[in-house]
Structure formats: C-alpha cells, structure tokens
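Peer 1: Sequence unavailable; structure follows:
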C-alpha cells in the first residue's frame, strides 16, 4: 500500500506542476473578471485580483475591500480564494490572500490493483502583499511596485510539502494606456515530507501586458477596455487577449481568449459580467476549452476607511496631482485634468494655484458639455 501511495504522490506531483494543468492556481489564476478577460490583466491590474496578476495595482487601493471567489470544475476539482486589501497611504496599499485548489475524490488502490478508500489532494497558498508608488521619476513621473510573500502548503493523502515564494510586479499608467510586468514564483522552493525530504524549485513565470481604455465618461471611467498579455514559463508561451464593455455605470461585460503556445487544443475561451450594487459587487466568468467547462463566481464588498497622511505627504501629493493635471491639459483631456485638480485641492486646500486652474478647467469642461449637447440635438433634428 505504501508503495502505491508513493507512486500516486509522484504522479499527482508531476500533474500539479505541469504548466497546462487546469487545476493549479499558479497557472489558471484567480478573479472572475480577470479570467473572463482571458487572464490578460497584468497591464490592467485595477481590481482585487491584481494581488495575484500584478500586486503593483494594490497601491491604488482607496478603501478596505474584501473578495470571496469560488471556481468549480466538472471532474470534482474546485478553487477557492479570499482577498482583502487596505490602503496604507495615498500611494501605498497592503493586502492578503488565501488560495486553495483541490479535490476529495482521488481513488486509491492497493498493491494488487484493488480499489481502496478515496483520498484528497489540495494546494494552499497564503500571500501577504505590499505595494507602493515611487514619485518624481523624470519623464515617466510615477511608477508602481508590488511585492508578494507566499507560503505554500500542499497535501496529498498522508504526505505534505511546504515552502516559500516571492512575486514582484511593476505597473505604469499613462493617459489611457497601462503597462505591467510580473515576475511570479521567484526562488520559490517547497520541501516534501517524504523519506528523502526532497526539495522542489517551482519554475518562475514571467508575465507582461498592456491595456487600453476608450471613451472616458466622468464618474464611470472608461466605457471600453482592451487588454493583451503574454506569460512565459519553462520556455512555453501563453498569450491572452481580453475586452470589457461597460454600457451602464453598474454593469459590465467581458470576453477573452487564452492559449498555450498558440495551440488550438489548449485554448480557453472566456466571457463574463460584473454587476455592481451599493452593498456588493458580483462577478461571473465562464471558461470553456476542448476538455471542460469552468465557472467562477466572485463577490466583493468595500468598507469605508480614511487614509492617514502627514501634512508634508499631502502637499507633495497635491503638487503631483497638479503636475498631472497640467499634462492632461496639454493633451486637451480636460475631464482627467479636472479630476486631478480636484484631488490636489482635497489634499491641500491651500494650493491656490490648483484652485485657480481648477476654475478655468471647469469652464472648459462646461463649454465642451454644452457643445456636445448641441451637436446631439442637431443630429436628432436631422
């Protein structure tokens, strides 16, 4: 019996670490919205799942927020994840996550091949995240950095392995373009409690991506987003493409495609939606490939919290938002300039230069609204 169990351990160990294995959280990822967009969000990183895809996005956290997600597969495997993020300051955030992948229905056999009791397999990843923005860079102005420290606990019947891992994410946002890169499982090593106490180094994954926002609306954000990414592990490439359309303030639809080595037999097609309510937000994703259909459901909720900043930090950030507004004005993006100036004044009410410019920009925004309304009226009359 012991010999058979050891063979099974080695068998499932190989499958668990196979890159195209559909049950490993490190391959599939988490977050219904992210997976619905083809897992192509390393350059987007604007929701709670960024704690997995690119932790640099956690620095943009504005309030204490929690998310619970569950994925279920037709062959008995499941994926559970819990995420909590909280702002530390205007330019930094802290978070934690728990991911569990597993099944309780693995058949056992004795030395003669006769079936015995079923046993379980599960993988657990506990992560702590810290993300911050670095200000004052020439040309690029601001860049965001995110760090993950992860603790692995893998269990198979009577055996287990444990270990530590690290992730680093980088994110840069421009006017309507965002670029990100993620190094996952840096020097991640686990140790099995078998007789040999074997150490296993997990392969490092490199992700890079970009996202584009279209048709910005005040109070809503971008009505449309297109994203693309590429992931590399063990000389294999996994491209992803996704899109999101937000017809209403509280409703958004997503679709995407994700494929390993551009192989038609290993392509995931995905879709989903997001429904926002004042109490909570619901995310759903459906993922289908040649072998199975997966579902993922997430529910997230935000809790109000105030950020504590020193007077010098508030003035520094106020000047940064003012500088950002000047750049948007040069690009004639007055809506974004108005938002930046409003933040500058909220941070430092004594920033009179920002106040004066804010009044001028408000006039320009009102003129644009009147102009657009007039054009819409003329089109209707035609």
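Peer 2: Everything's here; your move. All values reported here derive from a predicted model rather than from experimental measurement.
Peer 1: Following whatever helix or strand residue 144 lives in in sequence, what is the next regular element?
Peer 2: When elements are assigned from DSSP states H and E, residue 144 belongs to strand 141-156. Following the chain from strand 141-156 toward its C-terminal end, the next helix or strand by DSSP H and E is strand 159-173.
Peer 1: chain center to that next one, what's the gap?
Peer 2: From the chain centre to the centre of strand 159-173 is a distance of 14 Å (CA atoms, centre = their mean, to the nearest Å).
Peer 1: quick one on the thing from earlier: please name the strands paired to the strand holding residue 144 in the sheet, noting orientation.
Peer 2: The strands that strand 141-156 pairs with in its sheet are strand 119-137 (antiparallel), strand 159-173 (antiparallel) (by DSSP bridges).
Peer 1: and of these, who's closest to residue 72?
Peer 2: Nearest to residue 72 among these is strand 119-137; the distance by CB to CB comes to 14.6 Å. Every residue, glycine included, has its C-beta placed from N, CA and C.
Peer 1: can you pull the buried residues of that closest one?
Peer 2: Burial within strand 119-137, assessed by neighbour count using 16 or more other CB atoms under 10 Å, is assigned to 119, 121-125, 127, 129-133.
Peer 1: So which of those is the closest to residue 268?
Peer 2: Minimum distance to residue 268 across the buried residues of strand 119-137 is 19.8 Å, recorded for residue 123 (CB to CB).
Peer 1: Can you name the residues bridging to the closest one?
Peer 2: When bridges are called by DSSP bridges, residue 123 pairs up with residue 101, residue 154.
Peer 1: Do I have it right that it meets residue 103?
Peer 2: No. Taking CB atoms under 8 Å as the definition, residue 123 is not a contact partner of residue 103, at 10.4 Å.
Peer 1: Quick one: the helices in the stretch 251-382 of the chain, in order.
Peer 2: Remark: helices of the stretch 251-382 of the chain, listed N- to C-terminal, are 311-330, 334-347, 352-381; assignment by DSSP state H, counting those that start in this stretch.
Peer 1: And the contacts of stretch 205-219?
Peer 2: 26, 40-44, 53-54, 176-185, 221-233, 240, 249, 333, 335-336, 338-339 (CB atoms under 8 Å, 6 or more residues apart in numbering).
Peer 1: Can you pull the domain assignment for this protein?
Peer 2: For the chain, automatic domain parsing gives the domain ranges 2-303, 311-381.
Peer 1: ranking the ones you listed by burial, who's on top?
Peer 2: Compared across the domains of the chain, domain 2-303 shows the largest average neighbour count, a mean of 18 (mean count of other CB atoms under 10 Å).
Peer 1: Can you get me the centre-to-centre distance for that domain and its chain?
Peer 2: Counting by CA atoms, centre = their mean, domain 2-303 comes out at 7 Å from the chain centroid.
Peer 1: That domain - what's its average pLDDT?
Peer 2: Average pLDDT, domain 2-303: 83.
Peer 1: Can you name the next helix or strand after the helix or strand harbouring residue 211?
Peer 2: Secondary structure from DSSP H and E places residue 211 in strand 205-217. Where DSSP H and E defines the elements, the next helix or strand beyond strand 205-217 is strand 221-233.
Peer 1: Adjacent strands (with direction) for that next one?
Peer 2: strand 205-217 (antiparallel), strand 236-248 (antiparallel).
Peer 1: angle of the first one against helix 334-347?
Peer 2: Between the direction of strand 205-217 and that of helix 334-347, the angle (axes from the mean of the first three to the mean of the last three CA atoms, to 10 degrees) works out to 100 degrees.
Peer 1: Just want the angle from the strand holding residue 144 to helix 311-330.
Peer 2: Relative orientation of strand 141-156 versus helix 311-330 (the same axes, to 10 degrees): 110 degrees.
Peer 1: State the distance from residue 293 to residue 270.
Peer 2: 11 Å (CB to CB, to the nearest Å).
Peer 1: Identify the contacts common to those two.
Peer 2: Overlap between the contact sets of residue 293 and residue 270, as judged by CB under 8 Å, 6+ apart, is given by 286-287.
Peer 1: Looks like residue 122 contacts residue 101 (just checking).
Peer 2: Yes. Under the contact definition of CB under 8 Å, residue 122 touches residue 101, with a separation of 6.7 Å.
Peer 1: And for the protein, the residue most distant from the center?
Peer 2: Residue distances from the centre of the chain (CA atoms, centre = their mean) peak at residue 112, which lies 47.3 Å from the mean C-alpha position.
Peer 1: could you pull out the strands for the stretch 1-150 of the chain?
Peer 2: Counting by DSSP state E, counting those that start in this stretch, the segments of the stretch 1-150 of the chain that form strands are 64-73, 78-89, 92-106, 119-137, 141-156.
Peer 1: Minimum distance to residue 254: which of these has it?
Peer 2: The closest approach between residue 254 and any of the strands of the stretch 1-150 of the chain, judged by CB to CB, belongs to strand 64-73 at 14.9 Å.
Peer 1: Enumerate every residue touching residue 171.
Peer 2: 43, 45, 54, 56-57, 143-146, 178-180.
Peer 1: For residue 316, find the nearest of the strands of the stretch 1-150 of the chain.
Peer 2: Short answer: strand 119-137, nearest of the strands of the stretch 1-150 of the chain by CB to CB, at 7.3 Å.
Peer 1: what angle sits between that closest one and strand 78-89?
Peer 2: With the same axes, to 10 degrees defining the directions, strand 119-137 sits at 30 degrees from strand 78-89.
Peer 1: measure stretch 303-320 end to end?
Peer 2: With CA to CA, to the nearest Å as the measure, stretch 303-320 spans 27 Å from end to end.
Peer 1: Quick check: closest non-adjacent residue to residue 182.
Peer 2: The shortest distance from residue 182 to any residue that is not its chain neighbour, by CB to CB, 6 or more residues apart in numbering, is 4.1 Å, and that residue is residue 207.
Peer 1: Roughly how far does that neighbour sit from residue 277?
Peer 2: If you measure residue 207 against residue 277 using CB to CB, the figure is 31 Å.
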